[in-house]
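> got a predicted model here, sequence first, then my questions.
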Amino acid sequence: AKVKFLSCEPLIGALPNINLTNIDWAIIGGESGRKARPMEESWVWDIKQQCEEQNVAFFFKQWGGTNKKKAGRELGGRTYDAMPIRVVAA
């Protein structure tokens with residue numbers, strides 16, 4: 001079975017009211033590199049809430065920035081690694 005996903009990386013702005021119909025998985029991450037633009041935490045939380053409301057697996061990849069390893073990948077003190085059942089079962 002095919003998995004349809006939405007990759008929001010780099011996330012460089014708010015994405016209100018996303019239509020996630022037929023989407024199984026959302027992958028969210030900030031821009032990295034020397035000229036990385038900042039990502040606001042509220043943008044990520046908003047997408048996470050939309051995923052929950054529309055039953056879409058939410059994966060938070062990274063904050064990004066000029067030192068993405070230092071910035072890490074925790075959101076609200078934890079990591080989010082959800083994957084659609086079709087990926088886990090494969």
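Received it, and whenever you're ready, just let me know what you need. This one's a predicted model, so the numbers in the text were calculated from it and none came from an experiment. Residues are numbered from 1 along each chain as shown.
> can you give me the buried ones in stretch 54-65?
Neighbour counts using 16 or more other C-beta atoms under 10 Å place 56-65 of stretch 54-65 among the buried residues. For glycine as for every other residue, the C-beta is placed from the backbone atoms N, C-alpha and C.
> just the mean pLDDT for it, thanks.
Stretch 54-65 carries an average pLDDT of 96.
> where's that stretch relative to the chain centroid, distance-wise?
2 Å (C-alpha atoms, centre = their mean, to the nearest Å).
> returning to what we had before: same list, the buried residues of stretch 54-65, but as JSON lines with distance to residue 6 and secondary structure please.
Output for these, formatted as JSON lines (distance: C-beta to C-beta, whole Å; DSSP: H, G, I helix; E, B strand; the rest coil):
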{"residue": "56", "distance to residue 6": "8", "secondary structure": "coil"}
{"residue": "57", "distance to residue 6": "11", "secondary structure": "strand"}
{"residue": "58", "distance to residue 6": "10", "secondary structure": "strand"}
{"residue": "59", "distance to residue 6": "10", "secondary structure": "strand"}
{"residue": "60", "distance to residue 6": "13", "secondary structure": "strand"}
{"residue": "61", "distance to residue 6": "12", "secondary structure": "strand"}
{"residue": "62", "distance to residue 6": "16", "secondary structure": "strand"}
{"residue": "63", "distance to residue 6": "19", "secondary structure": "coil"}
{"residue": "64", "distance to residue 6": "17", "secondary structure": "coil"}
{"residue": "65", "distance to residue 6": "22", "secondary structure": "strand"}
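> name the nearest of those relative to residue 27.
Distance to residue 27, by C-beta to C-beta, is smallest for residue 59 among these, at 4.7 Å.
> run through the bridge partners of that closest one.
residue 27, residue 81 (DSSP bridges).
> touching, it and residue 47? I think so.
No. Using C-beta atoms under 8 Å, residue 59 is not in contact with residue 47; the gap is 10.8 Å.
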